[in-house]
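J.: Sequence first, predicted model second:
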Amino acid sequence: MSEVEHQLRILEALERNPETTQASLAAQLGVAVGSVNWYLKRLIRKGYVKATKMERRRLKYFVTPQGLALKAHLTSQYMKASLRVYRELRQAAKEMLAQVRSKGYAAVKINGKDEAMEIFCLTCLEEGVRVEKSPAVPLPEVRAEGTGFVVEWPG
């Protein structure tokens with residue numbers, strides 16, 4: 001997860017539940033509590049979040065107007081980055097399917113179930129290439145790698 005996404009997800013979580021704990025935020029983000037503490041201190045220092053004491057060691061977090069503006073900016077950055085990755089994956093999928101067709105195949109087998117492979121499967125549908133789960137004949141097997149795809153040819 002990028003720094004932009006960490007900050008964005010923290011701001012979103014605080015907006016939903018100002019009484020959340022750092023441990024809860026860490027669990028939601030899948031990071032260490034120390035990382036959440038570092039991000040929160042930075043957001044507080046920059047004026048994007050305010051913290052007030054509720055009990056002995058409990059804090060309540062408020063996203064400031066500047067924090068809401070930052071959240072809007074981070075959302076825009078995140079969307080642009082996501083669209084860029086999506087476009088790269090789509091282009092890589094089209095190029096891979098052109099290779100598959102050029103070798104005489106009308107179907108592929110896929111290896112993996114992540115978001116990249118979902119994009120690959122949608123591209124197969126659009127490009128008229130079947131995705132076979134248990135092929136009767138050997139087929140090219142495709143897996144995602146970074147923002148591209150790798151094919152293992154039969155034989």
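T.: Structure received.
J.: doesn't Q99 make contact with V142?
T.: No. Taking contacts as Cβ atoms under 8 Å, V142 lies outside contact range of Q99: 10.0 Å. Where you see a C-beta, it was placed from the backbone N, CA and C, and this is true even at glycine.
J.: Quickly list what's touching both of the two.
T.: V151 (Cβ atoms under 8 Å, 6 or more residues apart in numbering).
J.: more neighbours, the two?
T.: V142 (25 against 13; other Cβ atoms under 10 Å).
J.: Show the contacting residues for that one.
T.: Going by Cβ under 8 Å, 6+ apart, the list of residues near V142 reads 96, 100, 108-111, 117, 120, 149-152.
J.: Can you lay out those as TSV showing neighbour count, secondary structure and pLDDT?
T.: Formatted as TSV, these follow (neighbours: other Cβ atoms under 10 Å; DSSP: H, G, I helix; E, B strand; the rest coil; pLDDT from 0 to 100):
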residue	neighbour count	secondary structure	pLDDT
M96	22	helix	95
V100	21	helix	96
V108	23	strand	97
K109	19	strand	95
I110	20	strand	94
N111	13	strand	93
M117	19	helix	96
F120	27	helix	96
F149	24	strand	96
V150	13	strand	95
V151	17	strand	95
E152	11	strand	95
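J.: Of those, which is the nearest to V49?
T.: M117 (37.0 Å; Cβ to Cβ).
J.: That closest one and C124: what is the separation?
T.: For M117, the distance to C124 (Cβ to Cβ, to the nearest Å) stands at 10 Å.
J.: returning to what we had before: closest one to E132 out of the contacts of V142, please.
T.: Of the contacts of V142, the one sitting nearest to E132 (Cβ to Cβ) turns out to be K109, at 5.6 Å.
J.: For beta bridges, what are the partners of the closest one?
T.: Per DSSP bridges, the residues bridged to K109 are E141.
J.: Would you check that it makes contact with R143?
T.: No. With contact defined as Cβ under 8 Å, K109 does not reach R143; the gap is 9.9 Å.
J.: which SS state does the residue lying farthest from the centre of the chain fall under?
T.: Most distant from the centre of the chain: R56, at 36.5 Å, with distances by Cα atoms, centre = their mean. The assignment at R56 comes out as coil when based on DSSP: H, G, I helix; E, B strand; the rest coil.
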